[in-house]
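Visitor: need coordinates for the below:
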Amino acid sequence: MSTPKKNAILVRLIGKGINTLSELSPKMAGRIAFDLFCTPRKKTVKPEEVAFLATADRHTELIAGKAFAVYHWGFKGPIVLLAHGWESHSGRWRKVAPMLVQAGYQVVAVDAPAHGRSSGRRFTMIHYAEVLRTLYQRLGPIDTVIGHSVGGAATIWAMGTVSPAMRPKKAVIMAAFSTLDSIFEQARTRVGISGRAMQLLHQQFEHKFKHPVAHFSIERVAAQLGDVSVLLLHDRKDAVTHYEHSVRLAAAWPNAQLITTEGYGHGLTAPKVLETIFDFVSGPVYHGS
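Guide: As a prediction, this is how the structure comes out:
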């Protein structure tokens with residue numbers, strides 16, 4: 001049976017292998033490192049999540065030749081679009097969607113690339129943002145977007161790629177990071193790859209996306225979204241994404257409010273958090289202090 005300790009040992013062994021390969025075959029090492037960092041594990045769907053997803057009208061959206069699972073609850077009222085995080089799926093919204101539908105909203109959730117019922121083997125925030133951007137255009141106008149972790153970062157990046165007329169009025173961003181390179185550094189520490197191997201990974205990324213990792217600054221995009229009222233939620237002791245990321249996003253975003261929690265972890269599924277989200281979505285547009 002797999003355990004966290006065994007998984008950590010395996011990850012470290014893979015890191016050592018990449019370090020060795022980076023000296024023997026740099027190009028191959030860069031490709032393998034990129035694939036490793038971009039390949040999520042499939043998460044087991046809990047019975048209660050299966051039951052929740054079964055209540056949705058599910059259909060497939062074709063975007064850039066890939067098939068994406070889209071779930072829809074309620075067919076009247078303003079639209080709220082939900083974007084889950086890394087190694088998750090739309091079932092994570094089982095406590096959020098019903099309360100919004102009951103309040104008169106339509107709720108739409110999408111499984112990210114290589115997650116849930118969506119196609120693909122690899123995931124990047126950039127691909128996820130392209131999916132969300134397309135949904136803004138196809139489903140719009142979107143009243144509110146809610147994104148968790150990398151789903152929050154992709155939500156912000158997607159808003160920066162569309163005209164102000166296509167942007168939602170409100171956004172709830174939960175435990176997101178402010179720069180993409182910080183996630184690369186976090187993964188480097190976990191895997192234990194060398195500086196040389198990390199350089200090769202960055203080169204592979206730049207080859208694929210025509211920009212260095214540092215170009216993908218979520219903080220910089222947030223500074224351009226003053227027309228979107230945002231609620232940032234982050235737990236001070238988040239063990240996955242450091243709390244400081246939301247502090248930086250709040251400082252950059254012209255129309256932001258940051259609510260700090262204590263003891264709710266990275267998932268932010270506590271009833272108090274759900275109440276805060278509901279109050280923000282259903283309340284008036286926030287225009288800053």
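Visitor: burial measure for Gly104, as a count.
Guide: With neighbours defined by other CB atoms under 10 Å, the count for Gly104 comes to 11. For every residue, glycine as well, the C-beta is placed using N, CA and C.
Visitor: er, Arg138 actually
Guide: Arg138: 10 neighbours (other CB under 10 Å).
Visitor: what's the closest non-adjacent residue to it?
Guide: Glu61 (7.2 Å; CB to CB, 6 or more residues apart in numbering).
Visitor: just for the stretch 51-200 of the chain, where's the confidence low?
Guide: For the stretch 51-200 of the chain, applying pLDDT under 70 flags the ranges 188, 190-192.
Visitor: for Pro271, what are phi and psi?
Guide: Backbone geometry at Pro271, expressed as degrees, to the nearest 10, gives phi -50, psi -40.
Visitor: what about the most centrally placed residue in the chain, which helix or strand?
Guide: Nearest to the geometric centre of the chain sits Gly151, at 1.6 Å (CA atoms, centre = their mean). Element membership for Gly151, per DSSP states H and E: helix 150-159.
Visitor: show residues contacting that helix.
Guide: With CB atoms under 8 Å, 6 or more residues apart in numbering as the test, helix 150-159 has contacts from 83-86, 88, 112, 125-126, 128-130, 132-133, 136, 145-147, 167-168, 171, 173-178, 180, 183, 216, 218, 221-222, 225, 228, 249.
Visitor: with stretch 55-65 instead?
Guide: With CB under 8 Å, 6+ apart, stretch 55-65 has contacts from 67-73, 75, 90, 109-110, 117, 130-131, 134-135, 138.
Visitor: give me the buried positions along it.
Guide: Using 16 or more other CB atoms under 10 Å as the test for burial, stretch 55-65 gives Ala56, Glu61, Ile63.
Visitor: if we can go back for a sec, helix or strand right after the helix holding Gly151?
Guide: Following helix 150-159 toward the C-terminus (DSSP H and E): strand 170-174.
Visitor: next one: the helix or strand following that next one to chain centre, how far?
Guide: Going down the chain from strand 170-174, the next helix or strand is helix 180-191, by DSSP H and E. What separates the centre of helix 180-191 from the centre of its chain is 15 Å, taken as CA atoms, centre = their mean, to the nearest Å.
Visitor: which neighbouring elements make contact with helix 180-191?
Guide: Packing contacts for helix 180-191, counted by 3 or more CB pairs under 8 Å, 6 or more residues apart in numbering; DSSP states H and E, involve helix 4-24, helix 26-38, helix 195-209.
Visitor: SS state for Val80?
Guide: At Val80 the chain is in strand, as set by DSSP: H, G, I helix; E, B strand; the rest coil.
Visitor: dump the residue contacts of it.
Guide: Leu100, Tyr105, Gln106, Val107, Val108, Ile142, Asp143, Thr144, Val145, Ile146, Val281.
Visitor: over to Val110?
Guide: 61, 68-71, 81-83, 90, 118, 131-132, 135.
Visitor: with Gly74 instead?
Guide: Going by CB under 8 Å, 6+ apart, the list of residues near Gly74 reads Leu100, Val101, Gly104, Tyr105, Gln106, Val107.
Visitor: if I read this right, the last one contacts Gly77, doesn't it?
Guide: Think Val107. No: with contact defined as CB atoms under 8 Å, Val107 does not count as touching Gly77 (9.5 Å).
Visitor: give me the more crowded residue out of these two.
Guide: Val107 (23 against 14).
Visitor: please tell me how far Phe52 sits from Glu262.
Guide: Per CB to CB, to the nearest Å, Phe52 is found 28 Å from Glu262.
Visitor: more neighbours, these two?
Guide: Between Phe52 and Glu262, counting by other CB under 10 Å, Phe52 is the more crowded of the two (21 against 7).
Visitor: where does that one land in three-state SS?
Guide: Strictly by three-state DSSP, Phe52 counts as helix.
Visitor: same deal with Val108?
Guide: Classified using three-state DSSP, Val108 is strand.
Visitor: about what we covered before: what about the residue lying closest to the residue nearest to the centre of the chain once chain neighbours are set aside? Give its phi and psi, please.
Guide: Closest residue to Gly151 apart from its sequence neighbours, by CB to CB, 6+ apart: Ala83 at 3.5 Å. Main-chain torsions, Ala83, degrees, to the nearest 10: phi -130, psi 110.
Visitor: cool, and Ser229?
Guide: phi -80, psi 130.
Visitor: let me know the closest of the contacts of Gly74 to Lys272.
Guide: Leu100 (16.8 Å; CB to CB).
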